[in-house]
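Peer 1: Model the following, please.
(one chain, ligands or ions: 1)
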Amino acid sequence: MQTRIAQSDTFASTQRTDRWWVAPILTAAGLVIFFGYLTIRAFDATYVWYDPYISPTVAPPLFTPASGYPGAVPVEHAWLGEFPAWWPAFLPQSPAFFIPWMAIAFRFTCYYYRGAYYKVALSPPSCAVRGMARPYRGETALLVFQNLHRYTLYGAVFLLACLWWEGVAAFFRNGQFGVGVGTVVMLINAGLLTGYTFGCHSWRHLIGGQLDCFTCDNAVSPRYRLWKSSSWLNERHMAFAWFSLVWVAFTDLYIYLVSSGALRDLNTWS
Ligand code: FES
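Peer 2: Model (predicted):
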C-alpha cells in the first residue's frame, strides 16, 4: 500500500494528511473544563454538604470552617473539627487542602493523563508524526517527579476507601436509613473511581507485574485473578479516567445545587 506524504512548510505543518490535531484539541478542552471546574470548587468550601451528602472535592474533611461558609461540612462531621487558629487568613478554609489533594497528585501523574496533556501542550504531533520539532524530553528532566506516581497510588487507595465510607454513610440521615438521588450519585462516583484506581498501571504492577510465574506451584494463585481483573480495567483506563473525572464534577455540582436550594433532592427521608 502506498502512503501519501504531504510536503508543506506552513506553520505547525507536518507530513501527516489526516486530522491528527482533533484528539489533542478535544483532550485540551476536556482537561481545561473539568480540571478547571474542580480546581475552582476545591478552593470554595461553600455548598459542599447536604445532609448526608458530601462533595468529593472536600471528602474526607479533616477540618471544616465553623462559620462564614454556607453549605459547609458540619463541624461534627470533620475528623478534627473546625479549622485551627493558625490557618492563614489569606487562604480559604477548604477541606480540600488536606486529604483530597491526593486525588490531584494521582491524576496529574497518571500515565494516561501524562500522555494526554503532553500531546496537548508539549508535543502535539507525538512521536509518530514526522516533520515538526519535538522539544519533549520525557521524564528525564523537569518532569522527573512524574515517577512518584506509584507512591501517589497509596494515597488514592486510602482516599477511595474514604469515599466508599462516605457513600455508605449517605444512606443515613440523623440515624435513619434511607436513600436519595445523592446517595446513588455518590456511590456511582466511588464505583467509577474504583475502576479508575484499580486499572492503574502501578497497581497492576504491584499485584502481579513483578512475578515471573502465576502458576509455578501448580495452582492458579489469587494474585493471578486479581491481576487479570486489573488488566481488564487497565485496557479501559482511558474510559475510566474520563468517566470518573466527569462524574466527580457532576457529583460536586449535584450537591452544590441541592445544598444551595437550586434543586430538590428526591429521597425517602422527606
Ligand atoms: Fe493512570 Fe495510574 S496509570 S492512575
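
Peer 1: Check for me that Ser67 belongs to a strand.
Peer 2: No. The assignment for Ser67 is coil, going by DSSP: H, G, I helix; E, B strand; the rest coil, so no strand is present there.

Peer 1: Phi and psi next, for it.
Peer 2: Dihedral angles of Ser67 (phi, psi; degrees, to the nearest 10) stand at phi -160, psi 170.

Peer 1: do you know how far it is from Pro56?
Peer 2: Distance of Ser67 to Pro56, computed by CB to CB, to the nearest Å: 24 Å. C-beta: built from backbone N, CA, C; applies to glycine.

Peer 1: For the two, indicate the residue with more neighbours.
Peer 2: The residue with more neighbours, out of Ser67 and Pro56, is Pro56; 28 against 9, by other CB atoms under 10 Å.

Peer 1: Just the pLDDT for the more buried one.
Peer 2: At Pro56, the predicted lDDT confidence score is 96.

Peer 1: Likewise for the one 5 residues further on?
Peer 2: Model confidence at Pro61, expressed as pLDDT, equals 95.

Peer 1: Are we agreed that it is in a strand?
Peer 2: No. Assessed with three-state DSSP, Pro61 is coil; it does not lie in a strand.

Peer 1: what's near enough to touch the residue lying closest to it once chain neighbours are set aside?
Peer 2: Setting aside the residues directly before and after it, Pro61 is nearest to Pro95 in space (CB to CB, 6 or more residues apart in numbering), at 3.7 Å. Applying CB atoms under 8 Å, 6 or more residues apart in numbering to Pro95 gives the contacts 45, 48, 58-64, 73, 78.

Peer 1: Pro95 and the ligand, how far apart?
Peer 2: Taken as CB to the nearest ligand atom, to the nearest Å, the spacing of Pro95 relative to the ligand amounts to 23 Å.

Peer 1: Surely Leu148 touches Phe108?
Peer 2: No. Counting by CB atoms under 8 Å, no contact exists between Leu148 and Phe108, whose distance comes to 10.0 Å.

Peer 1: If you count surrounding residues, which of these two has more?
Peer 2: When Leu148 and Phe108 are compared for neighbours, Phe108 comes out ahead with 16 against 12, by other CB under 10 Å.
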